[in-house]
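[1] Sharing a model prediction with you, sequence too.
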Amino acid sequence: MSPAPDPICAPATPLLPSAVALVRVSGWGLAGVLTPLLVLPEPRMASLRTLCWDGFRERALVLFFPGPASYTGEDLVEFQVHGNPQLVRRLLSHLGTLGVRLAEPGEFTRRALLNGKQGLLEAEALRDLVAAETDTQIRLAQARAGAQPDWIPEARRTLTPWMARAEAVVDYGEEEGILLNQKDLASELKPLRDRFHVEQIRARAAQHLRDGIRLALVGRPNAGKSTLFNALAGEDRAIVTEIPGTTRDVLEVRCEWRGLPLRIFDTAGLRDALDPVERLGVARVGPILGAVDLVLHLRPAQDEAIDPLIREALSPFRDKVLEVRTFADLTEAPGEVAIAAHQGDLDALEVALKKRLLGGLAPDACFGALATERQVALLNDLARQLDLLLGLEPGCPPELPASLLQGAWGLLARLTGEDRAETALDALFNGFCLGK
Ligand SMILES: Nc1nc2c(ncn2[C@@H]2O[C@H](COP(=O)(O)OP(=O)(O)OP(=O)(O)O)[C@@H](O)[C@H]2O)c(=O)[nH]1
Ligand SMILES: [Mg+2]
């Protein structure tokens, strides 16, 4: 058996002046380890204790969660002390003299995971919850933090009997005359493949919501870019005038608009500018086009043709350009995404963005879906694995379905973290803050 891990401590709140700071300690036998500092209170009963060390006398509210019924699965003690950063540092270094070392970022959650208190998917959701910037991102992370997606146990239930059967055919098939009925296998796996397909669509949309959608607003001068920028941001961030060439620098705003977490870039109007400052602004548009998820090409509804300069600038990014007709209040633009941003008439844009980026789903239809790059990549691998299984020829060697079924099982274990792969854990916990 490996030795018990050493006790760890960390501030769970930022080291800033505040009303209250929370310091957490986790490890086995904390009652003994912390004896020089305090007598631990009754489990799960908040109690006031005076902590005395190095001339400090701190009245702290103390909570004790004996393992394994705690966040980490070990003994866990929480100190609520006055929110003075220097006081917290002093308490942490005193804990160090008692043999409690400072935790690495995410080490509390890593222990929770290793002690079976939490799955990898939940830990990833917790990291996202702490990092979320908008309401939708918070709700998305909360929906994943509570429970594993129901299709994972469902997939296991479907795969298990077939794995056993395929193994039996490989091991004893020839002697015992056992066969793997490819047709039955396909008809049982087909609903699972369909479910994976639905989950892939939801996950792609959820990933956009989780990461935030980067949008560039481009077009000729006076196309209404800054007007739209302000309307989406819900505030007057960019200067709007009727003078062409108003915007020069790239402006950026992060916001949530109609449930979509956005990072929007307003840019200089594209034209062959004479003014040297405006030319510099135009030169900054190209790199933005490469960096965003979607380019909104704003074109006033009264414009017949697209300026060749703009056509050329956009042509390398054709796949991610969405044409938007502005000034829809003045000229009709039937059949197109037409808006009048200065009047807040943006419904057509909302529909187009949701169709393009969320596959037509409403943001809350993505709650509970997988959403990180790691998760989505594994889901795609799983779907491919099932496609291969469904595409097997009847009468193929039984080793083939056996190894594909094993592969699918392994991918599920990687997804939930049950394979305990250190690389996935390291990547996850590097993104955590101290004390989590
Ligand atoms: N009627 C009408 N006016 C609009 C609309 N959108 C913008 N405008 C007006 O058009 C003018 C130019 O708008 P801006 O938002 O500054 O245009 P821009 O594309 O940012 O222009 P540059 O920064 O010069 O490239 C302003 O007077 C806006 O009030 C619209 O949909 N309808
Ligand atoms: Mg502008």
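    Arrived safely. Ligands and ions are numbered 1, 2, ... in the order given.
[2] tell me which parts of the protein are close to ligand 1?
    Applying C-beta under 6 Å from any ligand atom, we find that the chain lies next to ligand 1 at 219, 221-227, 240-242, 244-247, 268-269, 326-327, 329-330, 340-342. Placement of C-beta: from N, CA and C, glycine included.
[3] Kindly give a single ChimeraX line that selects the buried subset of the residues you listed.
    Buried residues within those, by 16 or more other C-beta atoms under 10 Å, are selected in ChimeraX with:
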select :219,221,222,223,224,225,226,227,240,245,246,247,268,269,326,327,340,341
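[4] Just the residues of the chain next to ligand 1: which are in strands?
    Per DSSP state E, strands hold the following members of the residues of the chain next to ligand 1: 219, 326.
[5] List the ones among the residues of the chain next to ligand 1 that fall in helices.
    Under the assignment DSSP state H, the residues of the chain next to ligand 1 contribute 225-227 to helices.
[6] List just the nearest of the residues you listed to ligand 2.
    Distances from ligand 2 to these, taken as C-beta to the ion, are shortest for residue 226 (3.2 Å).
[7] List the buried residues in the longest helix seen in the chain.
    In the chain, assigned by DSSP H, the helix with the most residues is helix 182-211. Neighbour-count burial for helix 182-211, counted by 16+ other C-beta under 10 Å, picks out 182, 185, 189, 192-193, 195-196, 199-210.
[8] just stretch 76-87 next, same as before
    Those would be 76-81, 83-84, for stretch 76-87 by 16+ other C-beta under 10 Å.
[9] Ligand 1: which of those is nearest?
    Closest approach to ligand 1 among the buried residues of stretch 76-87 (C-beta to the nearest ligand atom): residue 83, at 44.9 Å.
[10] That closest one contacts residue 16, doesn't it?
    Yes. Here residue 83 reaches residue 16: they are 7.4 Å apart, a contact under C-beta atoms under 8 Å.
[11] So, low pLDDT: which residues of the stretch 301-436 of the chain?
    By pLDDT under 70, the low-scoring segments of the stretch 301-436 of the chain are 420-425, 427-428, 431-435.
[12] Tell me which stretches of it form helices.
    According to DSSP state H, counting those that start in this stretch, the stretch 301-436 of the chain carries its helices in the segments 308-314, 347-358, 373-390, 399-416, 422-429.
[13] Which residues does stretch 185-192 contact?
    The contact list for stretch 185-192, computed with C-beta atoms under 8 Å, 6 or more residues apart in numbering, reads 154-155, 158-159, 162, 386, 389-390, 392, 401.
[14] Need phi/psi at residue 298.
    phi -90, psi 120 (degrees, to the nearest 10).
[15] go on, residue 65?
    phi -110, psi 100.
[16] With adjacent residues omitted, what lies nearest to it?
    Take residue 65 and drop its neighbours on the chain: the residue closest to it by C-beta to C-beta, 6 or more residues apart in numbering is residue 76, 4.4 Å away.
[17] can you list the domains in the chain?
    The chain breaks down by automatic domain parsing into domains covering 8-103, 151-208+368-416, 212-365.
[18] follow-up on the earlier one: ok, the residue nearest to residue 65 to ligand 2 distance?
    To ligand 2, residue 76 is 54 Å away according to C-beta to the ion, to the nearest Å.
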